Each structure stands twice: as C-alpha cells, then as structure tokens.
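A.B. asks: What follows is a predicted protein model with its sequence.
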Amino acid sequence: MIQIANNNSIVLLQKKEFLSDTFLLQILSSETMENYLKNFPFEDKQLFVDCDEDCFLVVDPKLSFIDTKSSASHSQSFAPNDPQFKLNATLIPIWKNGSLSIGGEDLAKYLAQFPPLCPFLAQDPTGKDLMLAWGKKESLVSAIESGLGTYFSRSRNGKWVKGEESGHLQHLQEIFIHLDPFYILYKTNQIGAACHTGYYSCFFRELRNDSQVSFVYSNKVGDKIE
C-alpha cells in the first residue's frame, strides 16, 4: 500500500519514455497529488513511486513538449488529466566535468534566486531517474566544488553527500538548473545503489490499477543473481 507523504512537497515527474533526458517536473501539494492518483489512467500511462513516496514518475507516450521561451504562460500550468497538456523543461547547463559552464556573475545571479529548499533530481547517463532529494544553495555550491552528488538531509538537518557512508557515491558529469519551478538536475555516474533500500534507483516500484505493486528490479545491487 502506497501512502503519500503528508506534506506540501510532492514532486511529479512526467516523461514520454522511462529512459529519457526530457521530462516535466512539478511541485504539488499532497492533496493535489491524491486527487490526481484517484483517476489515474493506468491503461494509457505507467506510474512509478520513489522510496519515500513523495515523488511520482509518470511515463506517458502521448506527452509532448513545447518551447517555454515562446510560450512562457505554460511554465506554471498544471493540467495532468488534459491529453493536450504540453510543457517543456528548459534546463540551463551550469557545470560540466569539473568546470563551470557559465560565468561567475551568472552563477551568483542564480544562487541569489535559490529558494530555502528545492528538488534535486539525479539521473544516470541513460536518462534513468535515480533519486529525488531536496537541497539548498549550499548543496549546489558543494557539488560544484567537489563533483559529488550533494543534498540537504531534512531528517538530519544538515549537508548530505550521497554515499559518504555507504561508498555509493555519485560522480557528477553535469549540473543543470531550472528556474520555474526552481530545481537542480544532476547527470551522474552512480556507484552501487542510489536508493538506501539497496536498489539501483529509488523508483523501484511500479503501481498497478488493481492496487498492486510490481518491482522494477529483480535484485538489489550486490545481490547474488540466482
């Protein structure tokens, strides 16, 4: 049984394909997410949930995207049940392979716009979503300096470098920023498991229309394959 996290920070990801670099990210209230799931069209779309049940991934082959530069009014829209809903995630590259992709003044401008907390999405080079966590401005600065996937742990109320204890580090390849809504995208090589449960990705469960859950992976990272 899936229990949506009882807070106002539920993230919805939408993609055309499970392995894809192009996606739509929206931050919703738990109530909005619950209403969305009540009438979810399982016959047309796939639905995955992360380990903390505060991020949902929808794979919709009919989803299409438009350029927000020419249609800025769509940037804050939310119409998940509208088959004509179109939106494009416009990402700004800011760092690649150890070096900034933008000038210091531009970086300072983006850091000045940083909210107290925002989503940090990590994807591997294939476009597979590894995890959705939250971070602060300091998390991004640390990631730029170290090249490691860095977040903010709300439970521990402090900086969190993924894998600093388990060894399952994220060696970043690229960092992107999105301004509306505000979030960070890490493109990363993942050592071991991204999920604390031992699965490669936190999105290891697919939800079915009969209230059943199937597992995306047959084994956890490091398990002996029978």
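C.D. replies: That came through fine.
A.B. asks: Nearest residue to the middle of this structure?
C.D. replies: Leu121 (3.3 Å; CA atoms, centre = their mean).
A.B. asks: so what pLDDT did it get?
C.D. replies: Leu121 carries a pLDDT value of 98.
A.B. asks: which residues does it contact?
C.D. replies: If you count contacts by CB atoms under 8 Å, 6 or more residues apart in numbering, Leu121 has them with 13, 25, 129, 131-132, 183-186. From N, CA and C alone the C-beta is placed, and that goes for glycine too.
A.B. asks: ok, now with 7 Å
C.D. replies: Contacts for Leu121 (CB atoms under 7 Å, 6 or more residues apart in numbering) come out as 25, 129, 132, 183, 185.
A.B. asks: Most widely separated two among those?
C.D. replies: Asp129 and Tyr183 (12.7 Å; CB to CB).
A.B. asks: show me where this structure has helices.
C.D. replies: In the chain, the helices defined using DSSP state H lie at 30-38, 104-112, 137-146.
A.B. asks: Just the CA trace of the last one, in PDB.
C.D. replies: I take that to be helix 137-146. Extracted C-alpha coordinates of helix 137-146, given in PDB (Å, rounded to 0.1, in the frame of the first residue of the first chain):
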ATOM      1  CA  LYS A 137      22.100  26.700  -2.200                       C
ATOM      2  CA  GLU A 138      25.000  25.400  -0.200                       C
ATOM      3  CA  SER A 139      24.300  21.900  -1.500                       C
ATOM      4  CA  LEU A 140      24.800  23.100  -5.100                       C
ATOM      5  CA  VAL A 141      27.900  25.100  -4.200                       C
ATOM      6  CA  SER A 142      29.400  22.000  -2.500                       C
ATOM      7  CA  ALA A 143      28.500  19.800  -5.600                       C
ATOM      8  CA  ILE A 144      30.200  22.300  -7.900                       C
ATOM      9  CA  GLU A 145      33.400  22.300  -5.700                       C
ATOM     10  CA  SER A 146      33.600  18.500  -5.100                       C
END
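A.B. asks: Next, the buried residues of that helix.
C.D. replies: Within helix 137-146, the residues scored as buried using 16 or more other CB atoms under 10 Å are 137, 139-140, 142-144.
A.B. asks: before we move on, what about the second one?
C.D. replies: Of the residues in helix 104-112, those buried by neighbour count under the rule 16+ other CB under 10 Å are 107, 110.
A.B. asks: Report the inter-axis angle for that helix versus helix 137-146.
C.D. replies: 140 degrees (axes from the mean of the first three to the mean of the last three CA atoms, to 10 degrees).
A.B. asks: For helix 104-112, the averaged confidence score.
C.D. replies: Mean predicted lDDT for helix 104-112 stands at 97.
A.B. asks: ok, now the first one?
C.D. replies: Confidence over helix 30-38, taken as the mean pLDDT, stands at 92.
A.B. asks: which stretches of this structure have low pLDDT?
C.D. replies: Within the chain, the segments meeting pLDDT under 70 span 1, 7-8, 65-89, 224-226.
A.B. asks: Tell me where it has strands.
C.D. replies: Ranges of strands in the chain, per DSSP state E, are 10-15, 24-28, 46-49, 55-59, 92-96, 99-100, 118-123, 129-135, 150-153, 158-161, 170-179, 182-190, 205-207, 213-215.
A.B. asks: Please identify which of the ones you listed is closest to His196.
C.D. replies: Using CB to CB as the measure, strand 129-135 is the one of the strands of the chain that comes nearest His196, at 9.3 Å.
A.B. asks: ok, that closest one: who's next to it in the sheet?
C.D. replies: strand 118-123 (antiparallel) (DSSP bridges).
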